[in-house]
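Enquirer: Would you be able to build a 3D model of this:
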Amino acid sequence: MNIQKRDRFELLSAYLDGEVTSAEKRQVEEWLDNDAETQKLYARLLALRQNFQALPPPATTQSVEQTIQQVFGKIEKRRQHRSLKWGGAAIAALVIATLSSIVPGRQVLQMADVSNPTNTEEKLLVALNTPLVELPETDSKSQKIEQNKP
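Expert: A predicted model of the protein is given here:
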């Protein structure tokens, strides 16, 4: 539905409800006099409005408080159901983690032993301006880029 049709529909609906200004009322009445499509839409809206007014009120056998309690009860059931799902997923993850640590042949995480260093003479080398290992050149573009660097 394009914007013009939507606006016309809303204005017709407001006209039926008596919620239009005098200028809008004149506009709608002009449409109803001259435009067949607006006349059809008006007839449909009028029939729809009359059918709604003819509907009997719903037969309620419960009070508002009972309805509210039912709604909150359903919300609580959903919350509990969601909690059970997450709890089940957490238990499954715990079982899988436990079983994966028991399976033979798998290496378990090991911590480094720093209390008894074996080689205290090893020095740390840091390369600032030149690499410790000669890097191979890949192509001419990278050579040009390297040559242009300061």
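Enquirer: So the residue sitting nearest the centre point of the chain, which state does it fall into?
Expert: Geometric centre of the chain, nearest residue: Arg82, 17.9 Å, by CA atoms, centre = their mean. Assigned with DSSP: H, G, I helix; E, B strand; the rest coil, Arg82 falls in the helix class.
Enquirer: hey, where'd the helices end up in the chain?
Expert: Along the chain, the stretches classed as helices by DSSP state H are 3-17, 22-34, 36-54, 64-102, 140-148.
Enquirer: Of all those helices, which one is nearest Glu134?
Expert: If you check each of the helices of the chain against Glu134 by CB to CB, helix 140-148 wins as the nearest, at 13.6 Å. C-beta coordinates here come from the backbone N, C-alpha and C atoms, glycine included.
Enquirer: Show me what the mean pLDDT comes to for the closest one.
Expert: The average pLDDT within helix 140-148 is 55.
Enquirer: re the thing from before, let's have the helices of the chain in JSON lines, adding distance to Ala127.
Expert: Shown next, in JSON lines, are the helices of the chain (distance: least, CB to CB, whole Å):
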{"stretch": "helix 3-17", "distance to Ala127": "67"}
{"stretch": "helix 22-34", "distance to Ala127": "80"}
{"stretch": "helix 36-54", "distance to Ala127": "80"}
{"stretch": "helix 64-102", "distance to Ala127": "40"}
{"stretch": "helix 140-148", "distance to Ala127": "16"}
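Enquirer: and these, which one is worst for confidence?
Expert: The bottom spot among the helices of the chain, by mean pLDDT, belongs to helix 140-148, with a mean of 55.
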